[in-house]
Each structure stands twice: as C-alpha cells, then as structure tokens.
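>>> got a predicted structure plus its sequence, pasted below:
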Amino acid sequence: MVPLALWLPIVLSAVIVFVASSIMHMVLPYHKSDYSQLPDEDKLLSGLRAANLKRGLYVFPYCTHKNMKAPETMEKYKQGPVGFLTILPSGPPAMPKFLVQWFVYCLLIGFFVAYLTWHTVAVGTDYLAVFRVAGTAAFMAYGLGNLSNGIWKGQMWVTTLKEVFDGLVYGLLTAGTFGWLWPR
C-alpha cells in the first residue's frame, strides 16, 4: 500500500509532468518533425475510406507465420510499401479525452513510483537517495517503453530517441518532486 503522505508527491509530480509535456510538445520545436504528410494524401484517404476500415492496428502486407516465407508474400514485401497503420474513430482528435488519459497515466506512474520507493527507501532518507530510486523507476516507465516502437513498429529512431529523452525529463521531474516531498 502507499501511505497518505505520498499522495502529494504522486499528484504534484503528475501535474508537473503534464505541464512539462505540454510545453515540450506545443512550445519547444524539437517534436515538429515527428510526423510527415502522406504524398497525395487526398487520394490515399479516399482509398482508405472506400475500404471502410474499423478502428484498429493494421499491418501491410498482411501475413501469418504460416505464409510469411511464401514466394508471393516475399514478393509483396519486396515491392513495398511495408508498414503499420493505426485507424482511429473518424472526427477531430479528441484532445480533452487524450489529455485526461495522459494525466491519469501520469498519476498511475506516480503511484507505482511511490509504491516502489516506499518499499525501497526509508522515511527520512536524504533527497539524493530518494531521487535516485524514484527517478530510475519513473524513467523506466516514461522513457524506456518507447524503445519498443523503434524496434517493432518501425518508428524512426530519431523520433523514438526524442520520446526517450522526454521520458528522461519526466523521470527527473518526478524524482525531484519525490525527493523534495519525501516524508522526513
């Protein structure tokens, strides 16, 4: 269980990370190159609309383990394109919903950072020891999970590394908050 004394650093670290992520994505310029426009977008979107795709993650060319090495499948891979396609519900991005989910995610990470740190670091431990444990846990949650997008989903490594860097910043902010507010 997480003691009541840790709810302040849990909530405050979530607020700080939420604000920092907003600044990093809306004010700072380094994420502006993360996405590219499709060539001949209108034509491609028209084709996708005609396919009546439902929400989900699609892979192309599609194959199973059984037919992955089949000559016709290999030819599709050679011809390309090869990729993943995420389909969301039609309509404008649901930013309020996404922001609420992001904040809840930040709270969830804060909760588990508190849980791990509480069971690892004694009450009254100095700032740096709390910072080290909380920061490691928070960086693992915010940063390292992004590496799988570069490995398995073909995300450009430069984008993946920017996300890992963001996770490092969020981890440091979380660590600072827990170190500052750790029960004495």
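The structure has been received and is ready for your questions. Numbering: from 1, shown residues only.

>>> quick check: phi and psi at the residue positioned nearest the centre of the chain.
In the chain, the centroid-proximal residue (Cα atoms, centre = their mean) is Asn146; its distance is 5.8 Å. Note on Asn146: backbone dihedrals following degrees, to the nearest 10 are phi -70, psi -20.

>>> correct me, but it touches Thr160?
Yes: using Cβ atoms under 8 Å, Asn146 is in contact with Thr160, at 5.7 Å. (Each C-beta comes from the backbone N, C-alpha and C, glycine too.)

>>> give me every residue that touches the residue of the chain most remote from its centre.
What lies farthest from the middle of the chain is Pro71; by Cα atoms, centre = their mean that is 36.5 Å. The contact partners of Pro71, by Cβ atoms under 8 Å, 6 or more residues apart in numbering, come to none.

>>> could you do Ala5 as well?
Pro183.

>>> show the pLDDT at it.
Ala5 is assigned 93 on the pLDDT scale.

>>> for it, give its distance to His31.
36 Å (Cβ to Cβ, to the nearest Å).

>>> over to Thr117?
The value you get for Thr117 to His31, if Cβ to Cβ is used, is 30 Å.

>>> more neighbours, those two?
Thr117 (28 against 15; other Cβ atoms under 10 Å).

>>> per-residue pLDDT, the more buried one?
98.

>>> same check, this time on Met1
For Met1, pLDDT reads 79.

>>> neighbours around it, how many?
For Met1, using other Cβ under 10 Å, the count is 7.

>>> now do the strands in the protein.
56-60, 83-87 (DSSP state E).

>>> of all these, which one is nearest Trp102?
Closest to Trp102 of those, according to Cβ to Cβ: strand 83-87, at 17.0 Å.

>>> tell me the angle of that closest one relative to strand 56-60?
160 degrees (axes from the mean of the first three to the mean of the last three Cα atoms, to 10 degrees).

>>> so what touches strand 83-87?
Taking Cβ under 8 Å, 6+ apart as the rule, strand 83-87 contacts Leu48, Leu53, Lys54, Arg55, Gly56, Leu57, Tyr58, Val59, Phe60, Lys153, Gly154.

>>> against Ala70, how distant is the third one?
If you measure Lys54 against Ala70 using Cβ to Cβ, the figure is 27 Å.
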